[in-house]
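Colleague: Please work out how this folds:
(one chain, ligands or ions: 1)
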Amino acid sequence: MSTLRFGQHLIKTSVVILQTELSFALVNRKPVVPGHVLVCPLRQVERFRDLQPEEVSDLFRTTQTIASLVEKHFDATSLTIAIQDGPEAGQTVKHVHVHVLPRKAGDFERNDSIYDELQKHDGDDEDAPSKWRSEEEMAAEASVLREQLLF
Ligand code: AMW
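Modeller: Residues are numbered from 1 along each chain as shown. This is a model prediction of the structure:
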């Protein structure tokens, strides 16, 4: 099976939802909310400023497609779309990625707590292999989402 690079991680195509000319979207091994997915440039660059204009364009067009898909599929009514651009902003994987998080009424008692959760969910204390989803579960989710893209 072929793989894509996400920073130091090798990503199996089974967990990839969509690949375009310059970007790809994958399911998350430790989602903050159901349907929390990531969209990345294919080229491994660390910071948003490192992207070429055509990569920015493809990345955001892909984000738009994927955001609509997960909002609908996970019965959400809004989205949080975020880039943690640099370590002080909470970036842990040195490869630009857009977090797409479906939102629903009452999902967090305080709406902006999602940013605290985003900061915490892959911190040193939280990001243990025992807390990751199985490859099978991730591949199953990616497969369902890929199918939805066809309609
Ligand atoms: W960052 O804190 O760098 O803005 O976010 C990294 C994101 O990548 C987290 O949501 C984390 O759960 C996710 N992640 C890290 N490694 C993998 C992987 N191998 N497969 C899927 N998601 C991953």
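
Colleague: what's next to the worst-scoring helix or strand of the chain on mean pLDDT, contact-wise?
Modeller: Least confident helix or strand, the chain: helix 113-121 with a mean of 93, by mean pLDDT, DSSP states H and E. The contact list for helix 113-121 (Cβ atoms under 8 Å, 6 or more residues apart in numbering) reads 30, 32-33, 80, 82, 84, 90, 99, 101, 103, 107-108, 126-127. Placement of C-beta: from N, CA and C, glycine included.

Colleague: which of these has the weakest pLDDT?
Modeller: Lowest pLDDT among these: residue 126, with 78.

Colleague: what's the nearest residue to it if we skip its chain neighbours?
Modeller: Spatial nearest neighbour of residue 126, excluding adjacent residues (Cβ to Cβ, 6 or more residues apart in numbering): residue 120 at 5.8 Å.

Colleague: packing partners for the biggest helix by length in the chain?
Modeller: Under DSSP state H, the helix in the chain containing the largest number of residues is helix 53-73. In this structure, helix 53-73 makes packing contacts with strand 16-19, strand 23-27, strand 37-41, strand 78-82, strand 98-103, helix 135-149, judged by 3 or more Cβ pairs under 8 Å, 6 or more residues apart in numbering; DSSP states H and E.

Colleague: quick one: the residue lying farthest from the centre of the chain from the ligand, how far?
Modeller: Largest separation from the mean C-alpha position in the chain: residue 109, at 23.0 Å (Cα atoms, centre = their mean). Distance of residue 109 to the ligand, given as Cβ to the nearest ligand atom, to the nearest Å: 22 Å.

Colleague: residues in contact with residue 102?
Modeller: Here residue 102 is in contact with 33-36, 70-71, 74, 76, 78-79 (Cβ under 8 Å, 6+ apart).

Colleague: Identify the residue nearest the geometric centre of the protein.
Modeller: residue 38 (1.2 Å).

Colleague: Grab the nearest non-local neighbour of it.
Modeller: Per Cβ to Cβ, 6+ apart, closest to residue 38 is residue 97, 4.6 Å.

Colleague: Tell me, how many residues neighbour the one you found?
Modeller: Using other Cβ atoms under 10 Å, the number of residues around residue 97 comes to 23.
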